[in-house]
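*Asks:* need coordinates for the below:
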Amino acid sequence: MKKIIIPVLLLILAGATGWHFYSKYRHDHEPLKLYGNVDIRGVDLGFRVSGRLSEVLRDEGDSVKTGEVLARIDRDPYVRELEQAKATLAAAEADLQMKRAGYRPEEIEQARATAEQNRVSLNNAARNFQRQNALVKGGGTSQQSFDDAEAMLEEAKQRSKVADANLRQLEAGFRAEEIQASLAQMEQARASVALAEIRLADTELRAPSDGILLTRAVEPGAIVQAGSTALSLSLEKPVWVRAYVHEAELGEVSPGTRVLVFTDGNPDKPFHGTVGFVSPRAEFTPKSVETPHLRTSLVYRLRVVVSDSDGTLRQGMPVTVSLDSSSI
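*Replies:* Residues are numbered from 1 along each chain as shown. All right, here's what the predicted structure looks like:
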C-alpha cells in the first residue's frame, strides 16, 4: 500500500508543479486583454436667442446629420431687427458720403452772395460814418446821429466777418474729425447688421454632428430662453472606450497602439481602434469594470478611439480590448 501511495503523491506533485509553470508561461505569453466601457459623448442643444418655438422637426430616436435643421423659433422679430439695422446702415453710409463730398455748390454760391452783400453794407456804413464824422465837427448834425452811424459801421463789420467765415467753412468742406466720426458710425451700423444676421440665423437649431436624438425637451408654442436645453443629441462620432491598464502593462498600450474591441453580444466581429490617451495619474479600478484583477488594484485610465463603429455600440456597454496582432 505504501508503495502505491508514494508514486501517486509524486505524480500529484509533478502535475501541480507542471500546472504552475504552465499557468505562469500562459500568463506571460497570452495576449494583453483590457476591460472597459463604451463612452459615447452627448450634447445638449439650445438656441442662442430667445423666442416662441414654431416647430420641432425631429423626434426622439431619429438619426440626424451634421447641419440638419432640428427646430426653429419664430423668426419675424429678428427679420424686423435686421431690416432696422440695414436702414440705419444706409443712413450712416449716406451721411459719410455727404461729408466726404463736401457742401453743395449751391450752398457755397449762396454763402458767397451773402458775404458780398455784407461787404456792400459795410461800405455804405463806412461812407455814412465818414459823413457824420465831418458834420458833427462843424455842428451840422447831432451827436446822436454820429453815434448811430458809428454803431451801424461796427455792426456791418461784424456781419461781414461772420459771412466771410461761413463762406470759408463751406469752401473747406467738413473737418477730418467729422468725417472720421461718420465713418465710425457707419462701421457701428455695419456691425449691427452682421449681429442681426447672426441672430436671425440662430432662430434655427442645427445638429453639430451626426447622431441620434435622445431627448425632445420642448414643444411648438413654448417660449424658450437663450441657452436653455431644447434637444439632447447622442453623437455618433467619436466613439470612445474607457479602459484601464496596470502599470506593468503600460508599455504595451502607448498612444497610437492599434487594438481590437470586442463586445459580448457579437464577439466574432471586433471593432478597430487606436489608443489615443493614457492618463498620467493612477486610480483605483472602477466598480463597473469587469476585470479579473483585484478591484483595489491601482490602474491607469486610457482612451481608445473606435474608427469603424456601426452604430451598435451603446453608452456604457462593457467591452474587451486586445492588441491588434495585424499591426505587431
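
*Asks:* give me the residues contacting the helix or strand hosting residue 299.
*Replies:* Element membership of residue 299, judged by DSSP states H and E, is strand 298-306. The contact list for strand 298-306 (Cβ atoms under 8 Å, 6 or more residues apart in numbering) reads 34, 36, 39, 238-247, 250, 253, 259, 261, 271-285, 293, 313, 321. Where you see a C-beta, it was placed from the backbone N, CA and C, and this is true even at glycine.

*Asks:* stretch 107-117 too?
*Replies:* With Cβ under 8 Å, 6+ apart, stretch 107-117 has contacts from 160, 163-164, 166-167, 170-171.

*Asks:* neighbour count and distance to residue 99 added to those, as JSON lines?
*Replies:* Below are these laid out as JSON lines (neighbours: other Cβ atoms under 10 Å; distance: Cβ to Cβ, whole Å):
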{"residue": "160", "neighbour count": "21", "distance to residue 99": "28"}
{"residue": "163", "neighbour count": "21", "distance to residue 99": "23"}
{"residue": "164", "neighbour count": "16", "distance to residue 99": "23"}
{"residue": "166", "neighbour count": "17", "distance to residue 99": "17"}
{"residue": "167", "neighbour count": "19", "distance to residue 99": "19"}
{"residue": "170", "neighbour count": "19", "distance to residue 99": "13"}
{"residue": "171", "neighbour count": "12", "distance to residue 99": "15"}
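
*Asks:* name the nearest of these relative to residue 265.
*Replies:* residue 170 (87.4 Å; Cβ to Cβ).

*Asks:* picking up where we left off before, in its sheet, what does the strand holding residue 299 sit against?
*Replies:* strand 231-245 (antiparallel), strand 271-284 (antiparallel) (DSSP bridges).

*Asks:* and the next helix or strand past the helix or strand hosting residue 131?
*Replies:* For residue 131, the host element (DSSP H and E) is helix 105-138. Using DSSP H and E, the helix or strand that follows helix 105-138 in sequence is helix 143-172.

*Asks:* now that next one: buried residues?
*Replies:* 146, 149, 152-153, 156, 159-160, 163-164, 166-167, 170 (16 or more other Cβ atoms under 10 Å).

*Asks:* for those, which one is nearest residue 72?
*Replies:* So of the buried residues of helix 143-172, ranked by how close each gets to residue 72 (Cβ to Cβ), first place is residue 170, at 53.9 Å.

*Asks:* the helix holding residue 131 vs helix 143-172, what angle?
*Replies:* If you take axes from the mean of the first three to the mean of the last three Cα atoms, to 10 degrees, helix 105-138 sits at 160 degrees to helix 143-172.

*Asks:* buried sites along helix 105-138?
*Replies:* Per 16+ other Cβ under 10 Å, helix 105-138 contains these buried residues: 108, 111-112, 114-115, 118, 121-122, 125, 128-129, 132, 136.

*Asks:* would TSV of those residues with distance to residue 226 and pLDDT be doable?
*Replies:* Below are the buried residues of helix 105-138 laid out as TSV (distance: Cβ to Cβ, whole Å; pLDDT from 0 to 100):
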residue	distance to residue 226	pLDDT
108	53	74
111	54	76
112	58	79
114	58	82
115	60	77
118	62	81
121	67	82
122	68	79
125	71	80
128	76	81
129	76	77
132	80	78
136	84	73
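
*Asks:* distance to residue 62 added to the residues you listed, as JSON lines?
*Replies:* Listed next are the buried residues of helix 105-138 as JSON lines, based on distance: Cβ to Cβ, whole Å:
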{"residue": "108", "distance to residue 62": "70"}
{"residue": "111", "distance to residue 62": "72"}
{"residue": "112", "distance to residue 62": "76"}
{"residue": "114", "distance to residue 62": "76"}
{"residue": "115", "distance to residue 62": "78"}
{"residue": "118", "distance to residue 62": "82"}
{"residue": "121", "distance to residue 62": "86"}
{"residue": "122", "distance to residue 62": "87"}
{"residue": "125", "distance to residue 62": "91"}
{"residue": "128", "distance to residue 62": "96"}
{"residue": "129", "distance to residue 62": "96"}
{"residue": "132", "distance to residue 62": "101"}
{"residue": "136", "distance to residue 62": "105"}
